[in-house]
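Q: Sharing a model that was predicted from the sequence below.
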Amino acid sequence: MSDELIESEIFKGENFTEKEFRKAEYENCSFINCVFSSVDLSEIIFSECEFESCDLSLARLHATAFRDVKFTNCKLLGLHFDVCNNFLLSFGFKNCGLDFSSFYRLKLKNIQFEDCKFREAEFIETDLTNAVFKNCDLTKAVFESAILENTDLRTAFNFSINPENNQINKAKFSAQNIVGLLDKYDITIE
């Protein structure tokens, strides 16, 4: 990792699949309509940065640090957040596609997901205490040995969570989506 610090810059419309993305520490930077698809972002530090309408699908995130980072309207398919640097890991997502992404063993307490899609995403051994999934599509997302204490899933949909394999104490569900807790029993609810 370079010792270079890049502060308060705006990157707009950049395609980093065609030009090199500098290995540095990015602080308080904005990335708007940028393409990072399959780009190696390993060991880069992003602090208090915003990604808006960017494509980071299949980017490599080995030891990448996300500290207070916001993703809005981004395409984040197949990302392995589980290999990120977890020191001070903190991010939020709004209207993002996170299909096939992995959050394996991450501590994501108090995280906010709003209007996101998580088709076939992995939340295995993930700590989602106090997390909020507002209007999120969790089709075929895998929750296994996850901590969902006080997690708000009231407006989430298409999820299947086995209460016997996850900690769901005080989690919040709505009457409309409670069926997602009963899938394993193969029963008909009318």
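A: Everything's here; your move.

Q: Give me the average confidence score over the strand ranked longest in the chain.
A: Longest strand in the chain, counting residues (DSSP state E): strand 85-94. For strand 85-94, the mean per-residue pLDDT is 96.

Q: And for stretch 67-82?
A: Computed over stretch 67-82, the mean pLDDT rounds to 98.

Q: repeat for stretch 29-44
A: 98.

Q: Run through the chain and note the low-pLDDT ranges.
A: The chain contains residues with pLDDT under 70 at 1-2, 182-190.

Q: residues contacting the residue lying closest to I168 once chain neighbours are set aside?
A: Closest residue to I168 apart from its sequence neighbours, by Cβ to Cβ, 6 or more residues apart in numbering: L148 at 4.8 Å. Glycine gets a C-beta too; all of them are placed from N, C-alpha and C. Each residue near L148 by Cβ atoms under 8 Å, 6 or more residues apart in numbering is listed here: 128-129, 131, 161, 166-168, 171.

Q: Which of these sits closest to D137?
A: The nearest member of the contacts of L148 to D137, counting by Cβ to Cβ, is I161 at 14.3 Å.

Q: now the closest one, what's its secondary structure?
A: coil (DSSP: H, G, I helix; E, B strand; the rest coil).

Q: Which residues are in contact with the closest residue to D82 other than its chain neighbours?
A: Once flanking residues are discounted, D82 sits nearest to Y104: 3.9 Å by Cβ to Cβ, 6+ apart. Contacts for Y104 (Cβ under 8 Å, 6+ apart) come out as 82, 122, 124-126.

Q: Please report how far the residue nearest to I168 lies from D3.
A: Between L148 and D3 the computed distance is 40 Å (Cβ to Cβ, to the nearest Å).

Q: before we move on, back to that, just checking, what packs against the longest strand of the chain?
A: strand 65-72, strand 112-114 (3 or more Cβ pairs under 8 Å, 6 or more residues apart in numbering; DSSP states H and E).

Q: Return the members of the contacts of L148 classed as buried.
A: Listed as buried from the contacts of L148 are 128-129, 131, 161, 166-168, 171; burial here means 16 or more other Cβ atoms under 10 Å.

Q: Output those as TSV; include the columns distance to F16 and secondary structure.
A: Output for the buried ones among the contacts of L148, formatted as TSV (distance: Cβ to Cβ, whole Å; DSSP: H, G, I helix; E, B strand; the rest coil):
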residue	distance to F16	secondary structure
L128	31	coil
T129	34	coil
A131	30	coil
I161	37	coil
N166	37	coil
Q167	39	strand
I168	40	coil
A171	39	coil
